[in-house]
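Visitor: Quick one: sequence and predicted model below, then my questions.
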Amino acid sequence: MKKSSEQSIHFPFSQTVKIAVLSLRIRWQRSLLVGISLVLAISFFAYTVSTIMFCNSIVVSSKDPSFPKLCSQGTNIVAGASSRDIWLIAMSLLICLAGITNAQLMAVTERFREIGTFKCLGALDHFIVNLLVVETCIYGLFGGVIGGLTGIFTALISFWIKAGGTNLLKFSLSMICVPVMLSVLVATVLSLMGVIYPAILAARMEPSIALKYEE
């Protein structure tokens, strides 16, 4: 932690990460609820993406005429996801976004005195923003990885059952990596969108007002 001539505190990024992780551990119940909602939304997204990839890479190229019927229900092999799937994914992600925003707003409200103390000690506004962004990115990273793997596993089991136990899946590494990377990207973007308003609200907070807040 370094202090400039203007008496402002500059935290190294590693210290910001440590504070963010500590905050998540202290508020583990809310963190768990937000994480579960993110995992559920991302797992449905990954399930849809994985199913489309399975259909395009395996079912379409199969000589068995019964295989294309596996993907004809709910998913268009040529166009990708059906309008129903797109609508369900959009709604689940929107609900998850609202949950993340609400959770971060509540976290900011609970931490008025903590934020006020940081600012009174000289912490700059961008430190407060970085702190909340790092916390939310942790949600996005873990939610994306766990949700992505859950969605892929669920799609695999579903595909396996529909195929009657036939060993038709010849996996390539891309079938796992692509859905997981997309899931992490979507989860991170979703988390960042959810923290924008709470972070701005926290950064603009007046230290004197924050310290007078009664918990």
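Guide: In hand now; what should we look at?
Visitor: quick one, what contacts L32?
Guide: For L32, the contact set (Cβ atoms under 8 Å, 6 or more residues apart in numbering) is empty. Heads up, the C-betas are built off the backbone N, CA and C, glycines and all.
Visitor: tell me which element it is part of?
Guide: helix 28-54 (DSSP states H and E).
Visitor: Repeat that for Q15.
Guide: Short version, using DSSP H and E: Q15 is in helix 13-26.
Visitor: tell me what that helix is packed against?
Guide: On a contact count with 3 or more Cβ pairs under 8 Å, 6 or more residues apart in numbering; DSSP states H and E, helix 13-26 meets helix 125-162.
Visitor: Check the offset of the helix it packs on from the chain's centre.
Guide: The chain centre lies 4 Å from the centre of helix 125-162; the measure is Cα atoms, centre = their mean, to the nearest Å.
Visitor: Low-confidence stretches in this protein?
Guide: Residue ranges of the chain with pLDDT under 70: 1-11, 56-82, 162-172, 207-215.
Visitor: repeat that with 90
Guide: Applying pLDDT under 90 to the chain picks out residues 1-38, 40-41, 44-140, 143, 152-179, 191, 194-215.
Visitor: one step back: what angle sits between the helix holding L32 and helix 13-26?
Guide: Angle between the axes of helix 28-54 and helix 13-26 is 100 degrees (criterion: axes from the mean of the first three to the mean of the last three Cα atoms, to 10 degrees).
Visitor: ok, and for helix 28-54, which residues are buried?
Guide: Buried positions in helix 28-54, judged by neighbour count with 16 or more other Cβ atoms under 10 Å: 31, 34-35, 37-54.
Visitor: what's the answer for stretch 114-133, then?
Guide: Within stretch 114-133, the residues scored as buried using 16+ other Cβ under 10 Å are 114-116, 118-119, 123-124, 127-133.
Visitor: swap in stretch 88-108?
Guide: Buried residues in stretch 88-108, counted by 16+ other Cβ under 10 Å: 88-89, 92-93, 96-97, 99-101, 103-105, 107-108.
Visitor: Stretch 141-159 now?
Guide: Neighbour-count burial for stretch 141-159 [16+ other Cβ under 10 Å]: 142-152, 154-156, 159.
Visitor: From T117, how far off is the closest residue to F142 other than its chain neighbours?
Guide: Spatial nearest neighbour of F142, excluding adjacent residues (Cβ to Cβ, 6 or more residues apart in numbering): G35 at 6.5 Å. Per Cβ to Cβ, to the nearest Å, G35 is found 27 Å from T117.
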